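> could you work out the structure for the sequence below:
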Amino acid sequence: MISSLLIMNAKGDVVISRQYRGDVSVTAAEAFRLKIVAAKETGTTPPVANVENSSFLYTRHLNLYFVAVTRSNVNPALVFEYLKQKVLILKAYLGDKFDESNIRNNMTLLYELLDETMDFGYPQNCAIDVLRLYINLGSVKQQEIVEPSQLTSQITGAIDWRREGIRHKKNEVYIDVLESVNLLLSSTGNILRNEVTGQVMMNTKLTGMPECKFGLNDKLVIDKEKKSAKSGVEIDDCTFHRCVRLGKFDADRTITFVPPDGEFELMRYRVTDNVNLPFRIIPNIAENGQQRIGINVKVAACFSDKLFATHFVLKIPVPANTARAKIRTSFGRAKYEPEQCAIIWRIKKFNGKQECELAADVELMQLVRPKAWSRPPISAEFQVPMFTSSGVHVRFLRVYDKSGYNTNRWVRYITKAPAEAYSIRI
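Next up, the predicted model:
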C-alpha cells in the first residue's frame, strides 16, 4: 500500500512528509523532485512516475503537490481518491485557497490529519463530519458535545457519513434525475455515437438514522418481478455513493442505504440502448460556387406536447470568409456571429411536437487562395425538464425509521445536452 505521503511546493521542496512503512528513501523523493517537479514535467506527462523502483502518484492544488509514494502494486484509482479526499479535508480546515504558509503554520494539525486518515499505508476515515468531532485545531468548529461511546462508533463503525441525533421539523427527500445526451450523426444520418449518462442527486432532510430503499425501472428487476406491463431500461453500468450496500444490490438489484444528511450524489449510470432522442435535426447544406452557400435546417421536437425545452441553442457553422448572411426563421432568433464562425439560432421555449425551420443565404468573400471548407458539425444545446432520454424513472423510495414518521418525496427529471455533445455532421 502507500509507503509515504509528501506535500511539495512548486519548486519541489518537501513542505511536510509522513512515512508509513519506512521502505522509501529520501534519495527517491529527491530524484522525483529533480526529474518531475523541477523539470516542469507535471503538466505534460501522466500523474504517475516510476523513480528508483518507487511509484509516485500525485495531484495538484494551486502551487502544492500532493504525492503518494509506494513500492507495491496498488490500485491507482484508490490512491487518487485518497489524495482528492485529503485536499477536501484540508480545504475544510484551512480554507479553499490554502497554500504553503497555511500548512507551515498548522504543522500539528497536519500531522494529526495524516495519522488519522491513514494507518500503515491503508486509508482510514476521511469523513470530514467525523474528523471535526475530535480534531479541532483548525477553522472547522465543533458543533456539539458528543458522547465518547457515540464518537467511538462513528470512528470505527461502518456509517461514518452520518452522525446520530439529527433532527428535522419536516422530513423531506428531494430527488433529481439528471441526464446528459451524447449524440453524433454522420452526414448520411447513420448513428456513430448515441448514449445517455445520468446521475441521481438527492437532498435528504430526515430525522434519526433511517434506512432507504430506492428503485428504478431497471430491466433486470422488472423482468424478475413480472408485475409491470411496461418494459424496463437496460442500464449498462452504474457507480454508487459509498453509503449504498453493494452486497444487496448484487444479490437482488435493490439500492439500500443510510443516506448522508443534505445533498449528495447517490449514483451514476449509463444507457446505450433504446435512447429516445429529444430532437430530430435535418440539415441541408448546398455550396453554390465559391461565393454562396444555401443552408436549410429543420428541427422537430420528439417529446410529448405536454413538455417543453428551454434554452435551445443551435450552432450552424459557416466558412471563416463569410461576408454576410440573410437568415429567415419560423420561430426564435438567429444571427451570424463572426467570432464563432457560425449562425447561432436561439429559442427560449421549444414546445413538444413542434417543428421549426431556418433558411439562410450566406455570401462569401473571395479568397486569393481558395481553400475547401472543412464543414464542422452542427451542434445543439438544450434542456428538457421532466423528460429522460434513457426512459429511466423512479419507481419508489421507501424510508424506514424506528419512529415511523411520514416523509414527503419530490422527484424532478432534467435532460440536457452540453456544448458539442449533440452533433450532426454535414
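
> please make it C-alpha for all contacts and neighbour counts, starting now.
Will do.

> helix, strand or coil: sort out Ile166 for me.
coil (DSSP: H, G, I helix; E, B strand; the rest coil).

> state the distance from it to Thr207.
5 Å (CA to CA, to the nearest Å).

> looking at the two, which is more packed in?
Neighbour count, other CA atoms under 10 Å: between Ile166 and Thr207, Thr207 has more, with 20 against 12.

> report the contact partners of the more buried one.
Gly165, Ile166, Arg167, His168, Asn171 (CA atoms under 8 Å, 6 or more residues apart in numbering).

> which one is it nearest to, not counting chain neighbours?
Arg167 (4.6 Å; CA to CA, 6 or more residues apart in numbering).

> likewise for Val67?
Nearest one to Val67, counting by CA to CA, 6+ apart, is Tyr58 at 4.2 Å.

> tally of neighbours for the one you found?
Each residue near Tyr58 was counted by other CA under 10 Å, and the total is 22.

> could you do Glu339 as well?
Neighbour tally, Glu339, other CA under 10 Å: 7.

> Val297: what's it in contact with?
For Val297, the contacting residues are Ile281, Ile282, Pro283, Asn284, Glu357, Leu358, Ala359, by CA under 8 Å, 6+ apart.

> for the second one, what are phi and psi?
Torsion angles at Ile282 (phi, psi; degrees, to the nearest 10) stand at phi -120, psi 100.

> surely it and Ile295 touch.
No. With contacts counted by CA atoms under 8 Å, Ile282 stays clear of Ile295, the gap being 10.9 Å.

> run through the strands of the stretch 1-150 of the chain in chain order.
For the stretch 1-150 of the chain, applying DSSP state E, counting those that start in this stretch gives strands covering 2-8, 14-19, 48-51, 54-61, 64-70, 118-119, 122-123.

> comparing those, which comes out most buried?
strand 64-70 (a mean of 23; mean count of other CA atoms under 10 Å).

> and the contacts of that one?
Contacts for strand 64-70 (CA under 8 Å, 6+ apart): 1-10, 24, 54-60, 79, 83, 99-100.

> the more surrounded of Ile282 and Ile295?
Neighbour count, other CA under 10 Å: between Ile282 and Ile295, Ile295 has more, with 18 against 15.

> element containing the more buried one, please.
Using DSSP states H and E, Ile295 maps to strand 292-301.

> which is the next helix or strand following that strand?
Trace forward from strand 292-301 with DSSP H and E and the next one is strand 308-317.

> which positions in that following strand come out as buried?
Residues of strand 308-317 classed as buried: Phe308, Ala309, Thr310, Phe312, Val313, Leu314, Lys315, Ile316, Pro317 (neighbour count, 16 or more other CA atoms under 10 Å).

> reformat those as TSV; add distance to Asp401.
Formatted as TSV, the buried residues of strand 308-317 follow (distance: CA to CA, whole Å):
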residue	distance to Asp401
Phe308	39
Ala309	39
Thr310	39
Phe312	44
Val313	46
Leu314	49
Lys315	51
Ile316	54
Pro317	57
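
> pLDDT and distance to Cys238 for those residues - can I get that in TSV?
Conversion of the buried residues of strand 308-317 to TSV gives the following (pLDDT from 0 to 100; distance: CA to CA, whole Å):
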residue	pLDDT	distance to Cys238
Phe308	96	29
Ala309	96	27
Thr310	95	28
Phe312	96	29
Val313	96	30
Leu314	96	31
Lys315	96	32
Ile316	96	34
Pro317	95	36
